[in-house]
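**Student:** coords please:
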Amino acid sequence: MPPSGTVKTRILIISDTHSTPLETPSASQPFRHPLPSADVLIHCGDLTMEGLTSEYRKTLDMLAAIDAPVKLVIAGNHDRTLDKEWMRTHERMLWGKKWRETYEEAREIWFGKNGRARKEGVTMLEEGLHEIDVGNGTILTLHASPYQPEFYDWAFPYQKHQDRYNPPSNTLSDAENIAVNPISSFSEKAIDVICTHGPPWKHGDITAHGNVGCPHLLTAVSRAKPLIHCFGHIHEGWGAETVTWDKATESSETETIAQFKAEGWKKHIKRTEGVKVTEKEVKSKRAVFVDGTKEGGKEIRRGEQTLMVNAAIMDVGYDPVNAAFVVDLDLPVKN
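**Tutor:** This is a model prediction of the structure:
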């Protein structure tokens, strides 16, 4: 039984499915039907390849087949038609190619009262803090953001010197603060999950060209200390690790971005422990299972630790070979 005053809650996490359906039950890949059932499904963006209406329909077909009463998704850089500013600035280029997709049509699918997402019980989250009634006696507090550092002129970008996640007092000295919905510190609000499309610096962000995650995001996550930070975007960064934070992370930042990337990020973290993955077991169970409950013996300690999860289903060659993650948490009983 979970500790008194909490509810054991199972969260299924996927990302970067790019309109790919679940494989058949007989397939060898772990991303196959049926995925494990859960209380909450979270998809961390890149629902499609280009943001086409037909692709959104395929993704919703896939999401509808997953057994979870609460289904939460965010957009990613490939879901271009959901980014109003990107569509505005690329309108001439798109129509020149006889593009027939619109922002309004995409919004209707995901946010419309009669849209397909609502019919399937799927909720698209816009940037900011959300409190979700899970239906099992708890409220999931989640901060969402589809944005990531500018990446080959795709959607939901910000420049690498821009801080989208922190208040000015926690922005690196040579960064431009553009935060509209800064992530709250742990002392302000206990956040259960931060869901972003892009990864933070040095966590699930390794590519052939080195680390490409966001230092500003790592600063924000170290302040918030959520139980889970889930993301995708960098396919080759798939995996999970538990971060134990250094408690002295609330102070104002005076470092430059380069200094933070070089050594400064280390002061936020005491240690990291990778989640071990057994390929045979993952293929059999269709997911990587992480028990973060007290009963499980490896409790993710609120305000001290965060499970970092890169849940990208696609590998770098866009083959859906990676597994979903299933995380069990003790969440507070709602008042």
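**Student:** any idea which element residue 61 lies in?
**Tutor:** If you go by DSSP states H and E, residue 61 is part of helix 53-64.
**Student:** and the helix or strand following that helix, how far from the chain's centre?
**Tutor:** As assigned by DSSP H and E, the chain's next helix or strand after helix 53-64 is strand 70-73. Centre-to-centre, strand 70-73 and its host chain are 12 Å apart (C-alpha atoms, centre = their mean, to the nearest Å).
**Student:** show the average pLDDT along strand 70-73.
**Tutor:** Averaging pLDDT along strand 70-73 gives 98.
**Student:** what strands line up against that strand, and which way round?
**Tutor:** strand 40-43 (parallel), strand 122-124 (parallel) (DSSP bridges).
**Student:** highest mean neighbour count across the ones you listed, which stretch is it?
**Tutor:** By mean neighbour count, with neighbours taken as mean count of other C-beta atoms under 10 Å, strand 40-43 ranks first of those at a mean of 28. For glycine as for every other residue, the C-beta is placed from the backbone atoms N, C-alpha and C.
**Student:** turn the strands paired with strand 70-73 into TSV, columns for distance to residue 334.
**Tutor:** TSV is the format used below for the strands paired with strand 70-73 (distance: least, C-beta to C-beta, whole Å):
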stretch	distance to residue 334
strand 40-43	14
strand 122-124	18
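**Student:** what are the buried residues along stretch 89-106?
**Tutor:** 90, 94, 99, 101, 103, 106 (16 or more other C-beta atoms under 10 Å).
**Student:** what sits up against the helix holding residue 61?
**Tutor:** Here helix 53-64 makes contact (C-beta atoms under 8 Å, 6 or more residues apart in numbering) with 17, 19-22, 41, 43, 47-49, 71, 73, 81, 101, 105-106, 109-110, 116-117, 120, 122.
**Student:** just the ones of these in strands?
**Tutor:** Cross-referencing the contacts of helix 53-64 against strands under DSSP state E gives 41, 43, 71, 73, 122.
**Student:** what is the nearest of those residues to residue 304?
**Tutor:** In terms of C-beta to C-beta, no member of these lies closer to residue 304 than residue 41, at 26.6 Å.
**Student:** look up how far residue 300 lies from that closest one.
**Tutor:** To residue 300, residue 41 is 19 Å away according to C-beta to C-beta, to the nearest Å.
**Student:** show me the helices in the protein, by range?
**Tutor:** Using DSSP state H, the helices assigned to the chain run over residues 53-64, 84-89, 91-96, 103-111, 116-119, 215-224, 257-262, 279-285.
**Student:** which one of the ones you listed has the most crowded surroundings?
**Tutor:** The most buried one of these (mean count of other C-beta under 10 Å) is helix 215-224, showing a mean of 26.
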